[in-house]
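Asker: Got a sequence here, can you model it:
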Amino acid sequence: MCSPTSPQLRPVVCIPEYSSGPQPTATLEDVLITRELYNHWPKQLDVEAKRSELQNLADHRNDGVLEVMQRLVDACLRMCKADTAALSVLTYLESNEPAFRWDAVAGSLATYVGQTTPRKSSLCGTTLKRNSPQLFSRPGRHFHHLNNVTPTIVEALVVPIYLDNFALGTVWIVSHDKRQKFDSADVDIINSLGSFVSSILWTRVQHSCKFPQ
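Answerer: Numbering: from 1, shown residues only. Below you'll find the model as predicted:
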């Protein structure tokens, strides 16, 4: 069952777990390329732009939670020059199944805002399990439900967001073109912006999730 657990949530639609076409056979290790984050010199970080984005978040930190989250992914989209940027919050469905809800999305996949993916088989779940940023190449080869998402995800960088060692969810950026590559500078940007609003995300988790008893 893919319905929200609180009337405060926007309507939830689960991305189908399987596509109608041939099923991918790649292993998780086939699609994980995290080592490549640190295998080449990172792009030059625009310090002034980063400071400006942090100031913008600070100026609007008293806005609604969803508005702040949207500002966060908008900033990640600009700073990392990604095709899509999103924030997934850890939640539970009425079936008590853990899932990630795409609470804020900017860029090419913006129409998928509010949808969910399963924690047990997802980019975000894998990232939280490994407790560190993860880079994926054509992840639909292993995570079947992503084959129902268009445009195709060519590369995805997923960064966990914590507050006092409690996992709140992830921020992730995506390229839909093989020419766009992410590196350690992008991890730094997401960590900086994400940690700045982690306390606001905790409010979202507390008020929008019904945890299983």
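
Asker: Identify the residues contacting whichever helix in the chain runs longest?
Answerer: Identified as the longest helix of the chain according to DSSP state H is helix 65-80. Defining contact as CB atoms under 8 Å, 6 or more residues apart in numbering, one finds that helix 65-80 is touched by 46, 49-50, 53, 56-57, 60-61, 63, 82, 84-87, 103-107, 157, 171, 173, 182, 186, 189-190, 193-194, 197, 200-201, 203-204. The way it works is simple: take the backbone N, C-alpha and C, and place the C-beta from them, glycine included.

Asker: buried residues in it?
Answerer: Buried residues in helix 65-80, counted by 16 or more other CB atoms under 10 Å: 65, 68-80.

Asker: Just list what the helix or strand following that helix packs against, helices and strands only.
Answerer: The helix or strand immediately downstream of helix 65-80 is strand 84-92, counting by DSSP states H and E. Identification of packing neighbours for strand 84-92 by 3 or more CB pairs under 8 Å, 6 or more residues apart in numbering; DSSP states H and E yields helix 65-80, strand 98-107, strand 166-175, helix 198-208.

Asker: can you tell me which of those comes nearest to His145?
Answerer: Nearest of the helices and strands packed on strand 84-92 to His145, taken as CB to CB: strand 98-107 at 11.2 Å.

Asker: and the closest one, which strands flank it?
Answerer: strand 84-92 (antiparallel), strand 116-118 (antiparallel) (DSSP bridges).

Asker: ok, the nearest residue to Glu155 once chain neighbours are set aside - contacts?
Answerer: Leaving aside its chain neighbours, Glu155 sits nearest to Ser175 (4.5 Å; criterion: CB to CB, 6 or more residues apart in numbering). Residues near Ser175 by CB under 8 Å, 6+ apart: Ala82, Asp83, Ile153, Val154, Glu155, Ala156, Lys181, Phe182.

Asker: farthest-separated two in these?
Answerer: Ile153 and Lys181, at 13.8 Å, using CB to CB across these.

Asker: who's more crowded, the two?
Answerer: Ile153 (24 against 18; other CB atoms under 10 Å).

Asker: With adjacent residues omitted, what lies nearest to that one?
Answerer: In space, Ile153 is closest to Val174, 5.2 Å off (CB to CB, 6+ apart).
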